[in-house]
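Q: Got a sequence here, can you model it:
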Amino acid sequence: MACRISELVIDAVDPERLAAFWSEVLGYVELGREEDGSIEIGPPDTGFGGPQPTIVLSPTTDPRPAKLRMHFDVNATDRDQDAELERLLALGAKPVDIGQTGNESWHVLADPEGNEFCLLRARLDPV
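A: Below you'll find the model as predicted:
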């Protein structure tokens, strides 16, 4: 038996803001809060332990050192890539130039705290 990812933990200057952003992006809901200010979000019907990992936004005052060494890739589930790009930008995502050629089939974006993520072209089933 192998492991599987159950949670992704992201340090956040403003966990509330990032929890709201990623909940809207992914259709997640708040699952819980810890005394340290951490907020866990995840799928509304499954929560922790389901087929999709939950996300824990953990408060930090440390500045982000540089480009992240890991990032999310997301895919639309109910619309094409262009429509999903418009939705993500309206939620507060910003386009980011990390040296793309302009011929990529994905868009590089950043969440409200500057964490890079990519919007891929393929549409996936929501489950």
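
Q: In contact with the closest residue to Gly49 other than its chain neighbours, which residues?
A: Closest residue to Gly49 apart from its sequence neighbours, by CB to CB, 6 or more residues apart in numbering: Ser6 at 6.6 Å. In this view, the C-beta of every residue, glycine as well, is placed from N, C-alpha and C. With contact set as CB atoms under 8 Å, 6 or more residues apart in numbering, Ser6 has these partners: Phe48, Gly49, Pro53, Thr54.

Q: try Ser38
A: Pro15, Val56, Leu57, Ser58, Pro59.

Q: Got a quick PyMOL command for the buried subset of those residues?
A: To isolate the buried members of those in PyMOL, using 16 or more other CB atoms under 10 Å:
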select buried, resi 15+56+57+58
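
Q: hang on, the earlier thing: so which of the contacts of Ser6 comes closest to Asn103?
A: Pro53 (31.0 Å; CB to CB).

Q: Next, the closest residue to that closest one other than its chain neighbours: secondary structure please.
A: Nearest non-adjacent residue to Pro53, counting by CB to CB, 6+ apart: Ile5, 4.7 Å away. The three-state label for Ile5, taken from DSSP: H, G, I helix; E, B strand; the rest coil, comes out as coil.
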